[in-house]
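>>> return atomic coordinates for the entry below.
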Amino acid sequence: MTIRLYDYQRKMRDAVLEALESHNAVMCQMPTGTGKTHVLASVVSNYANGKLVWVVVHRKELIEQITTTWEACYRDKRNAPDVKVMSIQWLARNWEKVANDAPSMIVIDEAHHALAETYQELFRRYPGAKKLGMTATPYRMSGKGFTDLFEILLQSKSIPDFITENRLSLFDYYAVPQNSKIRRQIALLKKRGAHGDYQTKELDLSLNTPRNIEYLYNSLMRYAKGRKGIVYAININHARAIADFYAANGLRCYAIDCNTPEKERREMVTSFRNGNIDVMVNVDIFSEGFDCPEVEFIQLARPTLSLAVYLQQIGRGLRKAKGKKYCVILDNVGLSRTFGTPVRKWNWDKMFKGTMRNVRIDSLDRSALLKYYGYPGKLVDEPMERIISHTDMSDAISRQNILKYYSASNLVGVVLKGKVVARKQVTDVIAYKHDAVVVRLADKSVCLIFPTGKELELPSDSIDFEIQSDKIIKVTTMRGTIYHDMVTTQDFAERPIVRTYGPMEFLDEGSKLWRRMPYYAIEYYKNSAYPPTWMGWYLKIYSICPISAKVYIPNSTLGGGRELSFEQTALFPYDLHDYYIVEELTGGKIIVVDLNCDYYLVKSDNSRKFLFKATSYSSSKQELDQWLSKLK
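Next up is the predicted model:
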């Protein structure tokens, strides 16, 4: 078989060959499903023609698959390299059997496992051999880097890049809600295994229950019915329990684990490819090395704290295949809430160097789940949320590009217009448009962030927003729609109309007018008989006067002496106070009274002269008559 590479594969092969000229040990990172094996075969073909090459894997299940691939690549080829595929476990027990071998190159498959002592022994025994590590995820849960084994990391494009270029499949991603009972159940897990992940026994006790397995089945029927795919289970007992329940409900479903004979496993995979099996439930068998592009759904039923496990499992569904429009990912244990979605871009270089220890976005969220939502109680069949749709993949990718994750902090940088404008405990990007973003925070609040860094708190159930004209934001929540005025910070059930009178703005919501001032709104009742009128230097509007029992106003609408009256009011630009019009004089002058019962003479240049303070209704009438006789 001739090895035919895509352009990105040729670029990576050339980069590896160039790096091997000056480095003894090179690590190569490429996402699952982008053809690492073909790149590797081409590298070996160019570098080690006729020479001995070792390919070392960490699980015996991978030996036959890789051997088959290599035989297909080099069959009948002159000067083909002598390739030996072996497991690291076999090698550790049989050093004497390979004592006379002198490999020119040692390839480490799934090289993120290469920190084990046996790998270090391998590197020490063969210092003259070139080492090439291949992995999709150069990260260890301990945070330890790989620089003690490999000198340089070569990175391919990211998952979102390959999706954009149509090299990886589109997908729908369904996840359990942020505050779901299953996430709170997982948050209760305390014990950890030898490698820092959840302890399998505790996972089994917590989640391997009839109620939870029925919930898994219902999710599959609800969101991926009619598709064929893979379920990732906790352990053998869990896998068999899932397979039995699915089969009892009409699915052609089988469990595969390390105890399944190799021949039987191959037959099952062939039947799956041919459409004779609907679902394969497995325990780690299909996490690494499994090559079946026909997978149409992935169901995550195993919680993990390992980024490598998460991305390896997701990657099995992202391979392109004829007739496959998109894959459905069912995240029944909330791994996207732990690590982010598959379109998150990772800083592999920092992970390779061991300087990025924190890759999770929920480090504080786990305790916050119990604090804010309480203990889970009995698990129930909760609907899942579609957090990414294959129809708006480009938007999902754009949303992820605005987040900057820090290696030593739970804070996430929000990047707008190329600058970090805020640092928050972001757990989710809800919407991104108009160069602004709505994010959900660890304390379950929702925040709208603008490119200036300005922040606006939104209802906690917000799901979308639209910045409309006149600085009005339409906010869609699970309960309906509200309209937020960015000037006054006032919320409205219906979109208000912005009215302009001279330099003054008002928000018209039907029965009321709101004077629009920064962070301040003053309410006025509308009266169709007395519409607002701009007088050239002030606005004449009618409003309720609460001092009409204390001050004399000629021609009062309701008559003097009442507790309240409806009076002509003068509103002046850049002055927030109400002034009740007492008398309109000739020559652009008016007499007004304010809420302190102070009477003023105001001119068209907005200069004003204090006249007197009213002490009673009758005395103010006498004093006003005296002033009017002087001014007229």
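>>> mind exporting the helix or strand where Glu466 lies as PDB, just the C-alpha atoms?
Using DSSP states H and E, Glu466 falls within strand 462-468. In PDB, the C-alpha atoms belonging to strand 462-468 read as follows (Å, rounded to 0.1, in the frame of the first residue of the first chain):
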ATOM      1  CA  SER A 462     -30.200  34.000  30.400                       C
ATOM      2  CA  ILE A 463     -29.600  32.000  27.200                       C
ATOM      3  CA  ASP A 464     -29.100  34.700  24.500                       C
ATOM      4  CA  PHE A 465     -28.800  38.400  23.900                       C
ATOM      5  CA  GLU A 466     -28.900  41.000  21.200                       C
ATOM      6  CA  ILE A 467     -27.500  44.500  21.300                       C
ATOM      7  CA  GLN A 468     -30.100  46.500  19.500                       C
END
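>>> for that strand, packing partners?
Taking 3 or more CB pairs under 8 Å, 6 or more residues apart in numbering; DSSP states H and E as contact, the helices and strands that strand 462-468 lies on are strand 426-433, strand 436-441, strand 472-477. (C-beta placed from N, C-alpha, C; glycine too.)
>>> wait, doesn't Arg302 sit right on Tyr232?
Yes. Here Arg302 lies in contact with Tyr232, judged by CB atoms under 8 Å, at a distance of 4.9 Å.
>>> okay, those two: which has more neighbours?
Taking neighbours as other CB atoms under 10 Å, Arg302 and Tyr232 compare with Tyr232 leading, 29 against 26.
>>> show me what the more buried one is bridged to.
The partner list for Tyr232 in beta bridges (DSSP bridges) reads Asn282, Leu300.
>>> lowest average pLDDT across the helices and strands packed on strand 462-468?
Least confident of the helices and strands packed on strand 462-468, judged by mean pLDDT, is strand 426-433 with a mean of 80.
>>> list the buried residues for that one?
Across strand 426-433, burial judged by 16 or more other CB atoms under 10 Å covers 426-432.
>>> re the thing from before, the strand holding Glu466 pairs with which strands, parallel or anti?
strand 472-477 (antiparallel).
>>> which one of the helices and strands packed on strand 462-468 lies nearest to Arg515?
Arg515 lies closest to strand 472-477 among these, at 15.9 Å (CB to CB).
>>> now stretch 344-354: mean pLDDT?
The model assigns stretch 344-354 a mean pLDDT of 89.
>>> brain fart, stretch 306-324
91.
>>> helices of the stretch 101-250 of the chain, start to end?
Per DSSP state H, counting those that start in this stretch, the stretch 101-250 of the chain carries helices over the ranges 117-125, 159-164, 181-187, 200-207, 210-223, 236-248.
>>> of the ones you listed, which is nearest Asp14?
Nearest to Asp14 among those is helix 159-164; the distance by CB to CB comes to 18.4 Å.
>>> tell me which other helices or strands the closest one touches.
Looks like helix 159-164 contacts helix 393-400 (3+ CB pairs under 8 Å, 6+ apart).
>>> which positions in the helix it packs on come out as buried?
Going by neighbour count (16+ other CB under 10 Å), the buried part of helix 393-400 is 393, 396-400.
>>> same question, stretch 515-526
515-516, 521-522, 524, 526.
>>> show me the contacts for Leu576.
Applying CB atoms under 8 Å, 6 or more residues apart in numbering, we find Leu576 in contact with 515, 517, 520, 522.
>>> kindly recompute the last result at 6 Å.
Counting by CB atoms under 6 Å, 6 or more residues apart in numbering, Leu576 makes contact with nothing.
>>> which SS class is it?
Three-state call for Leu576 (DSSP: H, G, I helix; E, B strand; the rest coil): coil.
>>> can you give me the angle the strand holding Glu466 makes with strand 436-441?
Following axes from the mean of the first three to the mean of the last three CA atoms, to 10 degrees, one obtains 160 degrees for the angle between strand 462-468 and strand 436-441.
>>> which residues does strand 462-468 contact?
With contact meaning CB under 6 Å, 6+ apart, strand 462-468 is reached by 431, 434, 438, 446, 473-477.
>>> show the pLDDT at Met1.
Value listed for Met1 in the pLDDT field: 53.
>>> now Pro138. Its backbone dihedrals?
Note on Pro138: backbone dihedrals following degrees, to the nearest 10 are phi -80, psi 70.
>>> circling back: just the closest of the buried residues of helix 393-400 to Asn274, please.
Closest to Asn274, out of all of the buried residues of helix 393-400 and judged by CB to CB, is Met393, at 29.4 Å.
>>> out of the buried residues of stretch 515-526, which is nearest to Asn332?
Set against Asn332, the nearest of these by CB to CB is Ala521 (46.3 Å).
>>> ok, that closest one - contacts?
Ala521 sits next to 488, 490, 514 when contact means CB under 6 Å, 6+ apart.
>>> what do you get for Gln568?
540, 542, 581.
>>> separation between Leu628 and Pro303?
83 Å (CB to CB, to the nearest Å).
>>> higher neighbour count, those two?
Taking other CB under 10 Å, Leu628 and Pro303 do not tie; Pro303 has more neighbours (24 against 14).
>>> burial of Arg319, as a residue count?
21.
>>> need the contact list for it.
Counted by CB under 6 Å, 6+ apart, Arg319 has contacts 33, 293.
>>> what about 7 Å?
33, 169, 293, 295 (CB atoms under 7 Å, 6 or more residues apart in numbering).
>>> name the member of those with the most neighbours.
Neighbour max across the contacts of Arg319 (other CB under 10 Å) = Val295, 25 neighbours.
>>> surely it touches Val231?
No. Using CB atoms under 7 Å, Val295 makes no contact with Val231, being 11.0 Å away.
>>> any idea of the pLDDT on the nearest residue to Lys632 once chain neighbours are set aside?
Closest residue to Lys632 apart from its sequence neighbours, by CB to CB, 6 or more residues apart in numbering: Leu585 at 7.0 Å. Per-residue pLDDT puts Leu585 at 93.
>>> dig out what Leu585 forms beta bridges with.
Beta-bridge pairing of Leu585 under DSSP bridges involves Lys589.
>>> just for the stretch 451-600 of the chain, where's the confidence low?
557-564 (pLDDT under 70).
>>> what about Ala129, distance to Pro138?
According to CB to CB, Ala129 stands 21 Å off from Pro138.
>>> over to Pro103?
Taken as CB to CB, the span from Pro103 to Pro138 is 23 Å.
>>> do the same with Leu456
Distance, Leu456 to Pro138, using CB to CB: 39 Å.
>>> these two: who's more crowded?
Neighbour totals were compared for Leu456 and Pro138, and Pro138 leads with 24 against 17 (other CB under 10 Å).
>>> my read: that one touches Phe146, true?
Yes. Pro138 lies in contact with Phe146 (CB under 7 Å); the separation is 6.2 Å.
>>> what touches both of these two?
In contact with both Pro138 and Phe146: 27, 352, using CB under 7 Å, 6+ apart.
>>> tell me which residues in stretch 202-209 are buried?
In stretch 202-209, counting by 16+ other CB under 10 Å, buried: 202-204, 206-208.
>>> what does stretch 413-424 give?
Buried positions in stretch 413-424, judged by neighbour count with 16+ other CB under 10 Å: 413-416, 421-422, 424.
>>> run the chain-centre distance for that stretch.
14 Å (CA atoms, centre = their mean, to the nearest Å).
>>> same check, this time on stretch 395-406
So, by CA atoms, centre = their mean, the centroid of stretch 395-406 is 7 Å from its chain's centroid.
>>> closest to Tyr326 out of the buried residues of stretch 413-424?
The closest of these to Tyr326 turns out to be Val415 (CB to CB; 27.9 Å).
>>> now do the SS call for that closest one.
Counting by three-state DSSP, the backbone at Val415 sits in strand.
>>> before we move on, back to that, okay, and which of the contacts of Arg319 map to strands?
Using DSSP state E to define strands, no part of the contacts of Arg319 is located there.
>>> lowest-confidence entry in these?
Among the contacts of Arg319, Pro293 carries the lowest pLDDT, at 73.
>>> distance check, that one against Asn166.
14 Å.
>>> before we move on, what about Leu507?
Counting by CB to CB, the gap from Leu507 to Asn166 is 48 Å.
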